[in-house]
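Novice: Based on what follows, work out the 3D shape:
(chains A and B)
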Amino acid sequence: MYIIRADNLRHSYWRSASAGYSLDGVSLTVQPGEMLAILGRNGSGKTTLARHLNVLVPIQEGELTVAGLDARQQSNVWKIRRTCGMVFQNPDNQFVSSVVEEDLAFGPENYGESGDAVAERVRRVLEAVGMSGFERRSPHLLSGGQKQRIAIAGVLALDPQVLILDEATAMLDPQGRQEVLEILRRLRDGGEKTLVMITHYAEEAAMAHRVAVMEGGKLLGEGPPRQVLADRELLDRAGLLPPMAVRAFYDLEREGIRLPACPLTMEELVDMLCPLS
Amino acid sequence: MTGLPAGLYQPGDSVLHRLDPRAKLLALFLLLGAVIAADNLLGCAAVLLFVGWIVGLSGLPLGTALGSAARLRWFFLLIFLMNLFFYAPEEAWAVWWVFRPSGKGLVQGALVVFRVFLLLAAGNVLTLTTPPMALTDGMEWLLKPLGRLKIPVGQVAMILSVAIQFIPVLLEETETIRRAQMARGARFDSSRLWEKAGAVLPLVVPVFLAAFQRADELALAMEARGYRPGLPRPRKEERPFRRADWMALSVCVLLCVLAFAPV
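Specialist: Numbering: from 1, shown residues only, chains lettered A, B, ... in the order given. Below is the predicted model:
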């Protein structure tokens, strides 16, 4: 049973097909509780794909089923958006209120909830992103990482089954990125949410259960990170750099030092290098 | 971003913070009437004292409360000079080219500046002491009668609220872009008028583009969180006005009566 099933999705932002497709026949499945990273450079179609999952753009060609709901049916759109929460890239452009608790209440209120139930949700999601006590603060005064955690909380307040992160760390400084990734790690290990993470950092994709690589609106390949991220040829075709640890592995190999396996993260690389000395 | 942009809600626990947003909005309209009607010294003193009083009640630092009004000082100077020179040409003290300064103009200019300043300050105190969504709900409630004329009241209130919040953000963005253009040789600081005017276009175009981009993203983010324009948002349980709300309104009505009463 898949929570997301895309079949041959095709989409163009232009009227004539000659202008090319942003999404050119993408088929993809995601299982409940899975964390999928969609990796691709700018203009590879990954954001367009993410927007499809939340039906923020109309389905032009192909089929898309989210939590058993057919995305082509207009009556399903709002149910799908409730099932699939989406966090955007720029934390500054996602807030509707300059008070954190009001902003977090925005989603649930749109679905007709009010009063104590909403207050309870707000409390719970703030705790989930480790920001209890920020209820009365203004998002404008928070750091980038904190802003994005609030944005994640705003989406979690709707209790979606799927959380889509559209380059949610791209505008953050290293510390802010770590904060957000930590939340994602927690959500991944919790196993309750399905996570779809759009990114152009191979390093970030390493934390996913599965990685799909996109280029030119097409899916170039997918598989477990250990396989995909170590595939230099595939990443090269997608215009991406392998993670630092993978590059180090191949550089060392060229120099005649063969590590037992290809590491994906800095920590793994360090663990493999230390016994050598 | 350095500090809270001017004009945005500042959490607090003053009498004004605790007033019902609807009462505050109504009070602002009454105050608007009173400020416009005040045309003698006594009336002006009364509204000035009143605005001073609410600024004091809000517990906000003076600079914060009056900040965005003070930012318009050049605009105020311009209105003042326009009135001074052109308001009553037939009673001019002196004539130099098209400029005809008059006593009436002096008074009129001062009065206009005084009124606009007070209204800005009062409006500022309202947005500083009321959380944005509470203000939205208040506006929606006030505009409700217009709903009968098929005006999408909820959407109008949401637009106003989001617009108010993005003013400071856009001001900040304007400043960033201004610096960027200066770094590339734009002459905002030139004393030559035509150079200054020429520098405005490279400022306005990117600011507008950025604003549209922001609006677009915000709209997507709102839709992704289930906002459906036209669908009524659930009303927070409508609390009746409390004693403080009625008192605030009474004071404003009184002020209005005083201002309108002939002396």
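Novice: Check the offset of the helix or strand hosting A:I164 from the chain's centre.
Specialist: For A:I164, the enclosing helix or strand under DSSP states H and E is strand A:162-166. Here the centre of mass of C-alpha atoms in strand A:162-166, compared against the chain's by CA atoms, centre = their mean, to the nearest Å, lies 5 Å away.
Novice: how about low-confidence regions in chain B?
Specialist: Low-confidence regions of chain B, defined here as pLDDT under 70, cover residues B:1-6, B:232-238, B:262-263.
Novice: one step back: extract the C-alpha set from the strand holding A:I164 and format it as CSV.
Specialist: Listed next in CSV are the C-alpha coordinates belonging to strand A:162-166 (Å, rounded to 0.1, in the frame of the first residue of the first chain):
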residue,chain,number,x,y,z
VAL,A,162,2.9,13.4,4.7
LEU,A,163,5.3,16.3,5.2
ILE,A,164,6.8,17.8,2.1
LEU,A,165,9.9,20.0,2.5
ASP,A,166,10.6,22.1,-0.5
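Novice: who does it touch, helix- and strand-wise?
Specialist: The criterion is 3 or more CB pairs under 8 Å, 6 or more residues apart in numbering or on different chains; DSSP states H and E, and the helices and strands that strand A:162-166 contacts are helix A:46-53, strand A:84-87, helix A:144-156, strand A:194-199. The C-beta positions use only the backbone N, C-alpha and C, and glycine is treated the same way.
Novice: switch to 10 Å and redo it
Specialist: strand A:35-39, helix A:46-53, strand A:84-87, helix A:144-156, helix A:174-190, strand A:194-199, helix B:193-224 (3 or more CB pairs under 10 Å, 6 or more residues apart in numbering or on different chains; DSSP states H and E).
Novice: Switch these over to a markdown table; also include mean neighbour count and distance to B:A46.
Specialist: Converted to a markdown table, these look like this (neighbours: other CB atoms under 10 Å in any protein chain shown; distance: least, CB to CB, whole Å):
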| stretch | mean neighbour count | distance to B:A46 |
| --- | --- | --- |
| strand A:35-39 | 27 | 64 |
| helix A:46-53 | 24 | 56 |
| strand A:84-87 | 27 | 51 |
| helix A:144-156 | 25 | 44 |
| helix A:174-190 | 16 | 51 |
| strand A:194-199 | 25 | 60 |
| helix B:193-224 | 15 | 40 |
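Novice: a markdown table please, covering these and showing distance to A:H209.
Specialist: What follows is these, written out as a markdown table (distance: least, CB to CB, whole Å):
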| stretch | distance to A:H209 |
| --- | --- |
| strand A:35-39 | 5 |
| helix A:46-53 | 17 |
| strand A:84-87 | 18 |
| helix A:144-156 | 19 |
| helix A:174-190 | 8 |
| strand A:194-199 | 9 |
| helix B:193-224 | 24 |
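Novice: how about the ones you listed, which one is nearest A:R226?
Specialist: Taking CB to CB as the criterion, strand A:35-39 is the member of those that comes nearest to A:R226, at 12.7 Å.
Novice: can you give me how far that closest one is from the chain middle?
Specialist: Relative to the mean C-alpha coordinate of its chain, strand A:35-39 is positioned 6 Å out (CA atoms, centre = their mean).
Novice: what mean pLDDT does it have?
Specialist: Strand A:35-39 carries an average pLDDT of 95.
Novice: what about it and chain B, any contact?
Specialist: No. Applying CB under 10 Å from any CB of the partner chain, one finds that strand A:35-39 is not in contact with chain B, the shortest distance being 17.0 Å.
Novice: Mind listing the strands the strand holding A:I164 pairs with, and their directions?
Specialist: In the sheet, strand A:162-166 lines up against strand A:84-87 (parallel), strand A:194-199 (parallel) (DSSP bridges).
Novice: Geometrically speaking, which residue is the centre of chain A?
Specialist: Using CA atoms, centre = their mean, the residue of chain A that lies closest to the mean C-alpha position is A:M197, 1.6 Å off.
Novice: For it, give the beta-bridge partners.
Specialist: Beta-bridge partners of A:M197, counted by DSSP bridges, are A:A37, A:L165.
Novice: residues contacting it?
Specialist: Neighbouring residues of A:M197 by CB atoms under 10 Å, 6 or more residues apart in numbering or on different chains: A:35-39, A:50, A:87, A:163-169, A:181, A:184, A:188, A:204-205, A:207-208, A:211.
Novice: Likewise for B:L66?
Specialist: For B:L66, the contact set (CB under 10 Å, 6+ apart) comprises B:6, B:51, B:55, B:60, B:117, B:120-121, B:124-125.
Novice: Pull up the per-residue confidence for A:T48.
Specialist: On pLDDT, A:T48 comes in at 92.
Novice: got a pLDDT number for the residue nearest to it when sequence neighbours are not counted?
Specialist: Setting aside the residues directly before and after it, A:T48 is nearest to A:S22 in space (CB to CB, 6 or more residues apart in numbering or on different chains), at 4.4 Å. What the model reports as pLDDT for A:S22 is 87.
Novice: Would you confirm that A:S22 contacts A:G40?
Specialist: No. At 11.5 Å, A:S22 and A:G40 do not qualify as touching, with contact defined as CB atoms under 10 Å.
Novice: So for the two, which residues contact both of them?
Specialist: Among the neighbours of A:S22, those also in contact with A:G40 (CB under 10 Å, 6+ apart) are A:46-47, A:49, A:216-217.
Novice: which residue ranges form the strands in chain B?
Specialist: If DSSP state E is used as the criterion, chain B turns out to lack strands entirely.
Novice: who in the stretch 101-250 of chain A is up against chain B?
Specialist: Proximity of the stretch 101-250 of chain A to chain B is assessed by CB under 10 Å from any CB, with A:101-103, A:105-115, A:118, A:135-138, A:140-144, A:147, A:151, A:154-155, A:157-158, A:160, A:164, A:166 identified as the residues in range.
Novice: Filter the residues you listed down to just the buried residues.
Specialist: Buried residues within those, counting neighbours by 16 or more other CB atoms under 10 Å in any protein chain shown: A:101-103, A:105-111, A:113, A:118, A:135, A:137-138, A:140-142, A:144, A:147, A:151, A:154-155, A:157-158, A:160, A:164, A:166.
Novice: Spit out the contact partners of residue 113.
Specialist: All of this is about chain A. The contact partners of A:E113, taken as CB under 10 Å, 6+ apart, are A:105, A:107, A:121, A:157-158, B:234.
Novice: ah, no, chain B please
Specialist: The neighbourhood of B:V113, defined by CB under 10 Å, 6+ apart, consists of B:72-73, B:75-80, B:83.
Novice: now B:R228
Specialist: Residues in contact with B:R228, defined by CB under 10 Å, 6+ apart, are A:77-78, A:81, A:110-111, B:222.
Novice: now, which of those residues sits nearest A:E253?
Specialist: A:R81 (47.0 Å).
Novice: Show the secondary-structure elements that whichever strand or helix holds that closest one is packed against.
Specialist: Element membership for A:R81, per DSSP H and E: helix A:77-83. Packed against helix A:77-83, as judged by 3+ CB pairs under 10 Å, 6+ apart, are the following elements: helix A:46-53, strand A:61-66, strand A:69-70, helix A:100-110, helix B:193-224.
Novice: Go through the ones you listed and name the closest to B:A92.
Specialist: The minimum distance between B:A92 and the helices and strands packed on helix A:77-83 falls on helix B:193-224, with 26.2 Å, by CB to CB.
Novice: what packs against that closest one?
Specialist: Using 3+ CB pairs under 10 Å, 6+ apart, the elements in contact with helix B:193-224 are helix A:77-83, strand A:84-87, helix A:100-110, helix A:144-156, strand A:162-166, helix B:153-183.
Novice: Quick one: distance of the third one to the chain centre.
Specialist: Computed by CA atoms, centre = their mean, the separation of helix A:100-110 from the middle of its chain amounts to 22 Å.
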